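**Q** Structural data only, the sequence is not supplied:
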């Protein structure tokens, strides 16, 4: 890490690392940007078939538990980032740019969930 080279994260840490950013660092106020947009963000890990949904409301952050949502409740993300879980985790930590991910929708929302 001291050299600035971002290495892929080992498989057992990938999903936990993304979840930790979303349920610990963001609610703890560790956002990398000062803007506080509102909207629903989806992060889809292509290598582990997992999707996280995060609702941003100003300073508020909520990681949505999609296992408890009703089948007819559609989540319409205003921004979606798609890529391997390792890339999602590294991008959330600012170790790599979000340009390595497929970003659909409002890029400002993806930037708002990166941590410092």
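**A** Everything's here; your move. Because the structure is a prediction, the values reported are computed rather than measured. Residues are numbered from 1 along each chain as shown.

**Q** Geometric centre of the chain: which residue is closest?
**A** The chain has residue 43 as the residue nearest its centroid, 5.2 Å off, counting by CA atoms, centre = their mean.

**Q** Can you list the residue ranges for strands in this protein?
**A** 39-45, 50-57, 60-64, 79-83, 102-105 (DSSP state E).

**Q** These: which one's closest to residue 22?
**A** Evaluated with CB to CB, these place strand 60-64 nearest to residue 22, the distance being 4.7 Å. Yep, even glycine has a C-beta here, placed from its N, CA and C like the rest.

**Q** for the closest one, packing partners?
**A** Contact partners of strand 60-64 among helices and strands, from 3 or more CB pairs under 8 Å, 6 or more residues apart in numbering; DSSP states H and E: strand 50-57.

**Q** Where does the prediction get shaky in the protein?
**A** Regions of the chain meeting the criterion pLDDT under 70 cover residues 1-6, 65-76.

**Q** mind running it again at 90?
**A** Within the chain, the segments meeting pLDDT under 90 span 1-15, 23, 26-39, 49-50, 56-77, 116.

**Q** Now do the longest helix along it against strand 60-64, angle only.
**A** Taking residue count as the measure and DSSP state H as the definition, the longest helix of the chain comes out as helix 11-20. Using axes from the mean of the first three to the mean of the last three CA atoms, to 10 degrees, one finds that helix 11-20 and strand 60-64 are set 130 degrees apart in direction.

**Q** Quick check: buried residues in helix 11-20?
**A** By neighbour count with 16 or more other CB atoms under 10 Å, helix 11-20 contains the buried residues 14-15, 17-18, 20.

**Q** Can you tell me which helices and strands that helix packs against?
**A** Packed against helix 11-20, as judged by 3+ CB pairs under 8 Å, 6+ apart, are the following elements: strand 39-45, strand 50-57, helix 85-92.

**Q** Next up, the contacts around residue 58.
**A** Taking CB atoms under 8 Å, 6 or more residues apart in numbering as the contact definition, residue 58 lies against 36, 38.
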